[in-house]
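J.: Just to be clear, the model below is a prediction. Sequence and coordinates:
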Amino acid sequence: YSEPQSIVTILVGGDPEPKRFSVHKETLCYYSPVFNKAFNGVFLEGETQTMTLEDVEASVFGLLVSWLYTGDIAARESRQHDNSFKLYQKPTQLAKLWILGERFLMPQLQNRVVNEIFPAIEGLIFDREIYKSIEDEAPAELIKSFVQFSYSAGSPTLQKLAVSTLGRRCPEEIFMELIDGLPKEAWLDVAKALKSGEEMWAQDFYFAED
C-alpha cells in the first residue's frame with residue numbers, strides 16, 4: 001500500500017471481557033466484503049470503526065488475524081518427538097475458523113483451512129500414540145469433537161468435509177472409539193460415502209477466489 005493504513009478495532013468474545021484486536025482496515029476489508037461494508041458504510045461500525053463479535057472465540061479470531069498478515073494459520077503447537085519435528089493443529093479450531101470464513105465471505109481463508117484440516121486429521125490418526133503422551137485429550141476425542149462441531153454448525157459443506165476425512169482415513173480401532181457420541185446423521189453419511197467408494201481431496205472443497 002502506498003499510504004499508511006487506518007486501524008479498526010474488533011472486540012471478540014466477552015467472558016470475562018472481550019479481547020481487543022487492532023487490524024489494518026484495508027487489509028481486513030480487502031479479504032472480506034462483510035467487513036468492507038461494515039467499516040466503510042453507514043452502519044455503527046463505520047462511524048466508530050469498531051466491531052463487537054461476542055459469539056466468536058478470541059483464539060479462533062486470532063487465527064484469522066494471523067492468516068491475514070502471514071497467509072498461514074500459525075497457532076499450531078510444535079512438538080519434538082524421537083528427533084522428528086511435528087506441527088499439530090486441533091481440527092475443531094480449524095472447523096470454527098472455516099465457519100468464520102463462511103460468515104465473513106472469505107473463500108481464500110476457507111481454502112487455506114481445508115489444506116490444514118486433512119493433515120490435522122491424519123496427524124491424529126497416524127501419530128496417535130504421540131498425541132496420547134503430549135495431550136490431555138485422546139486423538140479419538142479430538143476427532144469426535146471435530147465431527148460434532150461440523151454437524152452442529154449447520155454447514156453442509158463442512159459436514160461433507162468431516163465425512164470425507166473420517167470415512168477415508170480412520171482405521172477400525174479409531175472407528176470403535178468414535179461409536180458413542182457422534183450424531184446419527186454423521187454415521188449415515190459415512191456409510192453412504194464408504195458404500196459409494198468416492199474419495200474426496202482438499203481441492204474438492206475449494207471455493208473460487210475472486
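T.: Nice, I can see it.
J.: number of nearby residues for the closest residue to Thr50 other than its chain neighbours?
T.: Spatial nearest neighbour of Thr50, chain neighbours left out: Thr9 (4.4 Å); criterion: C-beta to C-beta, 6 or more residues apart in numbering. Every residue, glycine included, has its C-beta placed from N, CA and C. Close neighbours of Thr9, defined as other C-beta atoms under 10 Å, add up to 15.
J.: which SS class is Thr9?
T.: The three-state label given to Thr9 by DSSP: H, G, I helix; E, B strand; the rest coil is strand.
J.: Surely Cys29 touches Gly46?
T.: No - the criterion here is C-beta atoms under 8 Å, and Cys29 misses it with Gly46 at 11.1 Å.
J.: Check the contact lists of those two and give me the overlap.
T.: Counting by C-beta atoms under 8 Å, 6 or more residues apart in numbering, the common neighbours of Cys29 and Gly46 are 39-40.
J.: Compare those two (neighbour count), which wins?
T.: Neighbours per residue, other C-beta under 10 Å: of Cys29 and Gly46, the larger number sits with Cys29, 19 against 14.
J.: Can you pull the phi/psi pair for the more buried one?
T.: Main-chain torsions, Cys29, degrees, to the nearest 10: phi -70, psi -30.
J.: out of everything not next to it in sequence, what's closest to it?
T.: Asn36 is the one closest to Cys29 (C-beta to C-beta, 6+ apart), at 3.8 Å.
J.: Tell me which residues of the lengthiest helix in the chain come out buried.
T.: In the chain, with assignment by DSSP state H, the single longest helix is helix 107-126. Buried positions in helix 107-126, judged by neighbour count with 16 or more other C-beta atoms under 10 Å: 108-114, 116-118, 120-121, 123-125.
J.: Fine by me, thanks again.
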